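Q: From the sequence below, what's the structure:
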Amino acid sequence: MTQTTDSADVQTGRSPLATPPAETPGHGLLLGRKVVVTAAAGTGIGFATARRALLEGADVLISDWHERRLAETQAKLAGEFADRTVAQVPCDVSDTAQVDALIERAASELGRIDVLVNNAGLGGETPVADMTDEQWDRVVDITLNGTFRATRAALRYFRGVEHGGVIVNNASVLGWRAQRGQAHYAAAKAGVMALTRCAAVEAADFGVRINAVAPSIAKHPFLAKVTTDDLLDELASREAYGRAAEVWEVAATIAMLASDYTTYLTGEVVSISSQRA
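A: The predicted structure is shown next:
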């Protein structure tokens with residue numbers, strides 16, 4: 001798809017890319033693959049990633065700690081993709097036993113696992129001087145430790161099979177950028193980046209690629225519940241396009257990293273942003 005430059009955009013300094021494009025249709029990038037997506041219930045990147053995997057021809061198992069939303073999400077995806085398998089397993093990524101069970105059940109229900117997308121993460125907005133140990137620990141445990149637990153369980157699975165696989169982690173540009181009130185979240189996401197790089201070196205022994213995406217801002221209804229519209233608008237205005245990413249734009253990049261279009265790419269963090277720093 002090409003976008004033409006409107007003369008009014010040029011005169012006002014508004015980027016012609018400020019208007020989000022229509023969602024790209026599926027191209028069979030994940031045809032026949034079995035994909036697991038954590039924290040996929042709701043309206044955010046996890047849901048968009050599960051839907052994109054289905055659009056690209058995969059069968060999908062979604063997980064989330066919120067069982068009602070998870071069941072609703074499964075029903076919604078199964079209704080749209082009646083020809084694909086859409087399974088679900090409740091999972092709290094802060095619990096090692098549940099994470100291990102998620103990978104075991106996913107392999108059983110899907111027949112195998114080809115792709116794991118670690119999307120689970122928890123944010124918040126608290127200055128360092130006012131942050132409690134509990135606030136710090138909770139964000140780091142879900143966002144970093146949860147990604148570690150799922151990566152560990154997946155690598156143990158891949159170590160025992162012959163087909164290899166892919167892991168894609170959801171990091172954030174806050175792993176690079178500084179933002180007030182986000183020290184715990186930024187530290188956790190920087191940890192996800194480091195985990196991605198180090199685990200990728202080891203995962204190569206099992207025929208597994210591990211990469212991460214680092215979105216800047218992808219505006220969706222859930223995000224609006226945990227922060228203010230004014231802050232979201234301000235952050236979006238700093239991007240070169242002057243807008244936030246659509247969640248499907250993030251999901252499409254995750255699908256690319258999970259596909260055979262990136263077979264020589266591992267240990268990388270791909271910034272989904274119109275500027276990195």
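Q: can you give me how far the strand ranked longest in the chain is from the chain middle?
A: If you go by DSSP state E, the chain has its longest strand at strand 208-215. In terms of CA atoms, centre = their mean, to the nearest Å, the centre of strand 208-215 is found 9 Å from the chain centre.
Q: Give me the contacts around that strand.
A: Residues outside strand 208-215 that contact it (CB atoms under 8 Å, 6 or more residues apart in numbering): 45, 151, 154-155, 158, 164-173, 175-176, 189, 192-193, 196, 199-200, 203, 245, 250, 253-254, 257, 262-263, 265-273. Glycine gets a C-beta too; all of them are placed from N, C-alpha and C.
Q: Just the buried ones among those residues, please.
A: 45, 151, 154-155, 158, 165-173, 175-176, 189, 192-193, 196, 199-200, 203, 245, 250, 253-254, 257, 262, 266-273 (16 or more other CB atoms under 10 Å).
Q: Keep only those of the residues you listed that are in strands.
A: Gly165, Val166, Ile167, Val168, Asn169, Asn170, Val269, Val270, Ser271, Ile272.
Q: Is it possible to get a markdown table of these that adds pLDDT and distance to Asp137?
A: Below are these laid out as a markdown table (pLDDT from 0 to 100; distance: CB to CB, whole Å):
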| residue | pLDDT | distance to Asp137 |
| --- | --- | --- |
| Gly165 | 98 | 31 |
| Val166 | 98 | 30 |
| Ile167 | 99 | 25 |
| Val168 | 99 | 26 |
| Asn169 | 98 | 20 |
| Asn170 | 98 | 20 |
| Val269 | 97 | 24 |
| Val270 | 96 | 29 |
| Ser271 | 93 | 28 |
| Ile272 | 91 | 28 |
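Q: which two of those lie the greatest distance from each other?
A: Gly165 and Ser271 (23.8 Å; CB to CB).
Q: ok, now which ones touch Val269?
A: Contacts here follow CB under 8 Å, 6+ apart; on that basis Val269 touches Ala171, Gly175, Met193, Thr196, Arg197, Asn211, Ala212, Val213, Ala214.
Q: about what we covered before: sheet partners, orientation included, of the longest strand of the chain?
A: According to DSSP bridges, strand 208-215 forms sheet pairs with strand 165-170 (parallel), strand 269-272 (parallel).
Q: send the alpha carbons of the last one over as PDB?
A: What follows is the C-alpha trace of strand 269-272 in PDB, where atoms were taken according to Å, rounded to 0.1, in the frame of the first residue of the first chain:
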ATOM      1  CA  VAL A 269      15.200  -6.100  19.600                       C
ATOM      2  CA  VAL A 270      13.200  -4.500  16.900                       C
ATOM      3  CA  SER A 271      11.900  -1.000  17.700                       C
ATOM      4  CA  ILE A 272       8.400  -0.500  16.600                       C
END
